[in-house]
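Trainee: Next come a sequence and a model predicted from it.
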Amino acid sequence: MPTPVRIIQNLARAQRELLRAADAVPPDLWKTSPSDGQWSAGELVGHLIMVERAIIGRADELLEKPPKSLPFFRRFHVPMALVESRLIRRKTPIPLDPQLVREKEEMLAELRRVRERTLAFIEETKERDLNKYHMPQAFLGTLNTYQWFQLIASHELRHTKQMREIVASLPKTVRRLQK
């Protein structure tokens, strides 16, 4: 079971790795799709922003009500390692808001702000037992709130791999040295 301290460490590591991968995308190619049907780096980051906001928003709503008991058999879920692995490719059920796709630095700053809000939420709720609050996830099963926070990190690591694939498939630019 992930603890808040471990989740915070995982969130920091996931964002560090994603930002490192995103650094390799030139700003002029940020909105360039590597091929038909694939996301650009900007669309990928827009997706991450949307998902993290949605998770924190739903968790906030969930905590406004008393927790409901969950039968023991419904507490089992697919492991987070499967999320990170990208062995199973899935299309997101959440359509991307095209207005989120902006210039590279603006989007990365927004991603950092969303993460700051997530960390603030974890800090604000540290005195509560969030294991008692559950929400279903379409692919993984029912997760408690701590597991949802861990999902944010695992989801970001999954998309870090995709960001690296985008970088590898973008056109390479070569500069000639001036003599």
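Mentor: On my side now, so go ahead. Remember, it's a predicted structure, so these values are computed and weren't measured experimentally. Residues are numbered from 1 along each chain as shown.

Trainee: List the contacts of the closest residue to residue 38 other than its chain neighbours.
Mentor: Leaving aside its sequence neighbours, residue 38 sits nearest to residue 166 (C-beta to C-beta, 6 or more residues apart in numbering; 7.4 Å). Heads up, the C-betas are built off the backbone N, CA and C, glycines and all. Counting by C-beta atoms under 8 Å, 6 or more residues apart in numbering, residue 166 makes contact with 25, 34, 38, 39, 40, 41, 44.

Trainee: Pull out the buried residues from the helix or strand containing residue 166.
Mentor: In this structure, residue 166 sits in helix 145-169 according to DSSP states H and E. Neighbour-count burial for helix 145-169 flags 145-160, 162-167 (criterion: 16 or more other C-beta atoms under 10 Å).

Trainee: quick one on the thing from earlier: in a markdown table: the contacts of residue 166, plus secondary structure and distance to residue 118.
Mentor: Conversion of the contacts of residue 166 to a markdown table gives the following (DSSP: H, G, I helix; E, B strand; the rest coil; distance: C-beta to C-beta, whole Å):
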| residue | secondary structure | distance to residue 118 |
| --- | --- | --- |
| 25 | coil | 23 |
| 34 | coil | 29 |
| 38 | coil | 27 |
| 39 | coil | 22 |
| 40 | coil | 24 |
| 41 | helix | 21 |
| 44 | helix | 18 |
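
Trainee: buried subset of the residues you listed?
Mentor: For these, buried by 16+ other C-beta under 10 Å: 25, 34, 39, 40, 41, 44.

Trainee: Could you identify the most distant pair in the contacts of residue 166?
Mentor: 25 and 38 (13.4 Å; C-beta to C-beta).

Trainee: Just give the number of residues close to residue 113.
Mentor: A count of nearby residues for residue 113, using other C-beta atoms under 10 Å, gives 11.

Trainee: Likewise for residue 59?
Mentor: Residue 59 has 20 neighbours, counted by other C-beta under 10 Å.

Trainee: how close does it get to residue 136?
Mentor: Per C-beta to C-beta, to the nearest Å, residue 59 is found 13 Å from residue 136.
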